[in-house]
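K.L.:
generate a structure from the sequence data that follows.
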Amino acid sequence: MANRSHAPLIRLARFKVEELQKQMAEIERARASIGGQIARLEQSVPEEQAVAAEDKDGYLAYGSYARSVIQRKENLRASLDEVAGQADALRVRLEDAFAELKKYELLEERRLARIQDSVRAAEQAEMDEIAGQMRRAAH
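P.N.:
Numbers count the residues shown, from 1 in each chain. Next up is the predicted model:
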């Protein structure tokens, strides 16, 4: 495999990195969405408190509303923790995929450098042969 191109491996590794980056973007969107839902719930509490304070029926219903908000926020925070765990695991996979891509790219660079070195050596040998022929012809 020393003289074979690593281009197929590079393409495959690059594809893997891109797919993992897409998954990471999806996780980040999910994280932002959950964060937004938590913020909206927290913003709704003062509004509901104000409505409950104006009306006796609203005041009585506020207790169940408050319990549901608390439960919903706990569920959303648990979801946020789960998404954060997924992001951490994916980040490790992405780092590994980047390292693999870099390894293949370096192997390809070395392969191309060896080819260039052998071409230069062949050209130099040809030039040396021509110079030797010219010296022999001059004598």
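K.L.:
CA only for contacts and neighbour counts going forward, please
P.N.:
Will do.
K.L.:
look up the closest residue to the spatially most central residue of the chain, ignoring the ones flanking it.
P.N.:
Centroid-nearest residue in the chain, with CA atoms, centre = their mean: residue 21, separated by 3.3 Å. Among residues not flanking residue 21 along the chain, residue 94 sits closest, at 7.3 Å (CA to CA, 6 or more residues apart in numbering).
K.L.:
gap between the helix or strand harbouring residue 23 and the chain center?
P.N.:
Here residue 23, judged by DSSP states H and E, is contained in helix 7-54. Put simply, helix 7-54 sits 15 Å off its chain's centre (CA atoms, centre = their mean, to the nearest Å).
K.L.:
stretch 78-88 too?
P.N.:
With CA atoms, centre = their mean, you get 16 Å for stretch 78-88.
K.L.:
pLDDT averaged over it - what is it?
P.N.:
On average, the pLDDT along stretch 78-88 is 96.
K.L.:
and it, what's buried?
P.N.:
By 16 or more other CA atoms under 10 Å, the buried positions in stretch 78-88 come out as 79, 80, 83, 84, 87.
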